[in-house]
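Student: Quick one: sequence and predicted model below, then my questions.
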Amino acid sequence: MDRPVRIALDAMGGDQGVSVVVPAASAYVASDPEVELILVGDETAIRESLGGEHPRISVHHASQVVGMDELPSQALRHKKDSSMRVALNLVKEGVADACVSAGNTGALMATARFVLKMLPHVDRPAIITALPNTVTRTWVLDLGANVDSSEEHLFQFAVMGAEQVAALSGIERPRVGLLNIGEEEIKGNEQVKKAHELLQRSDLNYVGYVEGDNIFDGSVDVVVADGFVGNVSLKSSEGVAKMIRHFLKESFRKNLLTKLAGLVALPVLKSFARRIDPRRYNGASLLGLNGVVIKSHGGADQLAFGNAIGIAKKAVHNNISHRIARRVEAQLATREQA
């Protein structure tokens, strides 16, 4: 790309809205000269927070805001000038190359699907993000876009996830696993068993069934599940990370001796905390759409939201939507010939 990547930010989305998005935008453009950002939302509030002009940050006014607890159908029908909808419209019109929002996940998914439409041969979008493992990271999808998925949907998720990882991580043939309650052939429900058969016949680097612990042991690059199972897995891992952090703090604060031990171990603890810090993995891609859309965590701080912007830039640079469309079509052609 011979020009800066233009990313539209839903400045009003998330738990903190402008107070997080605007500082994150300012910090990001200061560190990356290859990006231009469009802040979408209440112009007055945005400019007050921005505190002046910036050559690579522009403001696009939107008069409405989608609430975090608002029904997706209501947002779609009645919030046509919301910051979320306008940011997505900018992608559709080619004004922006990508959209980042920390807003209502259901509303973002429904609105993005309505505005941008699906890629050819893709039935449903899927949410994918990376989680830390003992070696590098594991990408997991779907994380909640689809509560129930057929074997065909799971197959499409695998193809999209593998292409995303190949593009963003540089792994030529990512190892793909299907999340199940065991590695034995007899385990799993009918959708999972049928998806397993489809994946075995594909030319993906499919390693078979994987269990929840394999997400974190570095044995697989992409883990595929329906949105219900994927979301439970994600939230469980976040809860375990918080519990470990809590127990470590509690243990080192018990008495003077443990406090001294904590002081000695501080460099190691800081390195550990940085490695599992969920803010550094913030930014989930909505795959299958005809455009780049990144969902930030609703409670993201400046660091976390900046990470989501970085993922959007990388997705645009790697032309991820085009690559996924081409890959899905190739997989379908291979299956028809078999």
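Tutor: Cool, got the structure.

Student: so where do the helices sit in the stretch 51-200 of the chain?
Tutor: 72-78, 83-92, 105-116, 151-169, 190-200 (DSSP state H, counting those that start in this stretch).

Student: name the helices or strands packed onto the third one?
Tutor: Under the contact criterion of 3 or more CB pairs under 8 Å, 6 or more residues apart in numbering; DSSP states H and E, helix 105-116 touches helix 72-78, helix 83-92, strand 284-287, strand 292-295. The way it works is simple: take the backbone N, C-alpha and C, and place the C-beta from them, glycine included.

Student: so which of the helices of the stretch 51-200 of the chain gets nearest Asn282?
Tutor: Among the helices of the stretch 51-200 of the chain, the nearest to Asn282 by CB to CB is helix 105-116 (13.4 Å).

Student: How far off centre is the closest one?
Tutor: Counting by CA atoms, centre = their mean, to the nearest Å, helix 105-116 is centred 14 Å from the centre of its parent chain.

Student: what is the orientation angle of it with helix 83-92?
Tutor: Put simply, helix 105-116 runs at 30 degrees to helix 83-92, going by axes from the mean of the first three to the mean of the last three CA atoms, to 10 degrees.

Student: Let me see the contact set for Leu108.
Tutor: Taking CB atoms under 8 Å, 6 or more residues apart in numbering, we find Leu108 in contact with Gly13, Met84, Ser101, Leu286, Val293, Lys295.

Student: with those in mind, which one is nearest to Ala273?
Tutor: For the contacts of Leu108, the nearest to Ala273 is Lys295 (24.2 Å; CB to CB).

Student: Can you report how many residues lie near the closest one?
Tutor: 27 (other CB atoms under 10 Å).

Student: ok, which pair from the contacts of Leu108 is furthest apart?
Tutor: When the contacts of Leu108 are compared pair by pair using CB to CB, the maximum separation belongs to Gly13 and Leu286, at 13.8 Å.

Student: between these two, who's got more neighbours?
Tutor: Neighbour tally, Gly13 and Leu286, criterion other CB under 10 Å: the higher count belongs to Gly13, 32 against 23.

Student: check contacts around that one.
Tutor: Contacts for Gly13 (CB under 8 Å, 6+ apart) come out as Val21, Val65, Val66, Ser83, Met84, Ser101, Ala102, Gly103, Asn104, Leu108, Ser296, Gly298.

Student: that older thread, hey, which of the helices of the stretch 51-200 of the chain is tucked in deepest?
Tutor: Counting by mean count of other CB atoms under 10 Å, helix 83-92 has the highest mean neighbour count of these, with a mean of 25.
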